[in-house]
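Chemist: Let me see the structure of the following:
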Amino acid sequence: MKKFFLFLLSLILFFSFFCKKQEKIIVKNIDGVEVIFNPKEPAHIEGVPNKLTLKEELTIGDKDKDEYIFSRIIDIAIDDMERIYAADAREGHIKIFDKNGNYIKTIGKKGKGPGEFYFIFSIQIIPQNKLVVIDIGNRRISFFNLNGEFIKSISPGKIWALRCKIDSKGNFIVTEGVSDPKNPRYELKKLDSNFNLIKKFAQSPFPSPEAFNPFMPFNQWILTENDYIYYSYPEDYEIKIFDPSGNLVKKIVKEYEPVEITEEEKKEVMRRAPRGIKFAFSKYHSAFQIFSVDDEGRIFVRTWEKTEDGEGYYYDIFDPKGRYIAKIPLKIIPRVWKKEKLYTIEEDEEGFPVIKRYKVIWQ
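Modeler: This is a model prediction of the structure:
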């Protein structure tokens, strides 16, 4: 009986190990949508590079030189000549640098006049070789040529656009806040050049006014250069991909282990919050924090799993087909991927904002 028990135990362990090793990526077509189901662990796919190396090659930022000092870098953009545009929300201007990091000029200043900004939220370079500035302080969208010369400003009117990008056809992709008393929500929409509705992609709830959950998921999306939209509301680990016509064509799903919110995290939130706020903390974090997409279609998902030194997080990486291929630790947050380069917004040793560029190497 003892030998039989040991044999049975060995058999169970063998099959458990075998089944674990056999976890595979499953691809299904559900109602015309390709759905990629990924397991918890990354797959090693022959011929698909899964090791990332970042080599720092440029830093822009110097507290001792006016042209190179930043107060609060809110966003950056890179044109085809690799010039770097840095939007400073606190100073209300945008600085341009060449690909070697040399200062070229400053666009705009704090104000409400033509070519001025009150609160820059984001910037974008569109295919028409124009710089687009989303100024939520003045509730307008301003256009400049790539030399920094002001062209025009337009207003979204009654559209409460919390975030906005422009596709290659001049349509606006926006996150709009809808203050419906029965169903307050955020909506992801495509609008034409006159802000008329073309397509509604998705919606997600407002935070509750009665009891605020600071750890609730928030909707996030990315417009790629070929007009595809990657969207997620990370209540679940799922990323949806819409084609340029607005059709849902792919879903990327992954198994994951929820990360519990610690008491230290809750105390830190309460310490910073104004008095009188009622909280309703969830038990777990959202499925993930944020994601980005490089110019080859890889997806980088920042999880809630911290690195061993506590200074960074692990990122799940998916190949352009949506297959989970790697898990890597990163201390930085990817901002712009372009021409095998990664651009980030970081701080130097003294806490001053800087822009960095890394050479991206896949093996």
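Chemist: what about the helices in the stretch 151-300 of the chain?
Modeler: With DSSP state H, counting those that start in this stretch, the ranges of helices along the stretch 151-300 of the chain come out as 263-272.
Chemist: low pLDDT regions in it?
Modeler: By pLDDT under 70, the stretch 151-300 of the chain has no low-scoring segment.
Chemist: who's in contact with V301?
Modeler: With contact taken as CB atoms under 8 Å, 6 or more residues apart in numbering, V301 is in contact with 239, 288, 290-291, 315-318. Placement of C-beta: from N, CA and C, glycine included.
Chemist: Just the ones of the residues you listed in strands?
Modeler: If you go by DSSP state E, the contacts of V301 have 239, 290-291, 315-318 in strands.
Chemist: Was I right to think K130 contacts K152?
Modeler: No: judged on CB atoms under 8 Å, K130 makes no contact with K152 at a distance of 9.9 Å.
Chemist: Who has more neighbours out of the two?
Modeler: Legend: neighbour count by other CB atoms under 10 Å for K130 and K152, higher for K130 (15 against 12).
Chemist: roughly how far apart are the more buried one and A161?
Modeler: 18 Å (CB to CB, to the nearest Å).
Chemist: returning to what we had before: of the ones in strands among the contacts of V301, which is the nearest to Y85?
Modeler: Closest approach between the ones in strands among the contacts of V301 and Y85, by CB to CB: I290, at 21.3 Å.
Chemist: Report the beta-bridge partners for the closest one.
Modeler: For I290, the beta-bridge partners are R302 (DSSP bridges).
Chemist: how deep is it tucked in, by neighbour count?
Modeler: Per other CB under 10 Å, the neighbour tally for I290 reads 18.
Chemist: That one contacts W221, doesn't it?
Modeler: No: counting by CB under 8 Å, W221 is not a contact partner of I290; they are 10.9 Å apart.
Chemist: shared neighbours of those two, which are they?
Modeler: Counting by CB under 8 Å, 6+ apart, nothing touches both I290 and W221.
Chemist: surely L342 meets P334?
Modeler: Yes: L342 lies in contact with P334 (CB under 8 Å); the separation is 5.8 Å.
Chemist: anything in contact with each of these two?
Modeler: D294.
Chemist: what about E149, neighbour count?
Modeler: E149: 10 neighbours (other CB under 10 Å).
Chemist: Could you report the separation of it from F291?
Modeler: E149 is 35 Å from F291, by CB to CB.
Chemist: so E238 touches K251, yeah?
Modeler: Yes: here E238 reaches K251: they are 6.0 Å apart, a contact under CB under 8 Å.
Chemist: between the two, what contacts are shared?
Modeler: Shared contacts of E238 and K251 (CB under 8 Å, 6+ apart): none.
Chemist: V336 and K182: what is the separation?
Modeler: With CB to CB as the criterion, V336 and K182 are 40 Å apart.
Chemist: And the two? Which one has more around it.
Modeler: Ranked by neighbour count (other CB under 10 Å), V336 and K182 place V336 first, with 20 against 4.
Chemist: Tell me the bridge partners for the more buried one.
Modeler: Y343.
Chemist: for I76, same thing?
Modeler: Per DSSP bridges, the residues bridged to I76 are A86.
Chemist: Spell out, range by range, the strands that occur in the stretch 151-300 of the chain.
Modeler: For the stretch 151-300 of the chain, applying DSSP state E, counting those that start in this stretch gives strands covering 161-166, 172-178, 185-191, 197-205, 220-223, 229-232, 238-242, 248-254, 290-293, 299-306.
Chemist: What is the nearest of the contacts of V301 to K63?
Modeler: Looking across the contacts of V301 and measuring by CB to CB, the closest to K63 is I290, at 28.2 Å.
Chemist: ok, now which ones touch the closest one?
Modeler: Per CB under 8 Å, 6+ apart, neighbours of I290: 220, 301-302, 333.
Chemist: what about 10 Å?
Modeler: For I290, the contact set (CB atoms under 10 Å, 6 or more residues apart in numbering) comprises 218, 220, 222, 232, 234, 300-303, 313, 315, 333-334.
Chemist: Could you turn the buried ones of these into a PyMOL selection?
Modeler: Only the buried entries of the contacts of I290 go into this PyMOL selection, using 16 or more other CB atoms under 10 Å:
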select buried, resi 220+222+232+234+300+301+302+303+313+315+333+334
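Chemist: can I get the contacts of I290 in TSV with distance to P274?
Modeler: Below are the contacts of I290 laid out as TSV (distance: CB to CB, whole Å):
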residue	distance to P274
F218	20
Q220	26
I222	32
S232	30
P234	27
F300	34
V301	32
R302	28
T303	30
Y313	28
Y315	33
I333	27
P334	32
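Chemist: quick one: which of the contacts of I290 is nearest to K199?
Modeler: Closest to K199, out of all of the contacts of I290 and judged by CB to CB, is I222, at 16.6 Å.
Chemist: measure the closest residue to the closest one other than its chain neighbours to I134 for me?
Modeler: Nearest residue to I222, sequence neighbours excluded (CB to CB, 6 or more residues apart in numbering): Y230, at 4.6 Å. To I134, Y230 is 19 Å away according to CB to CB.
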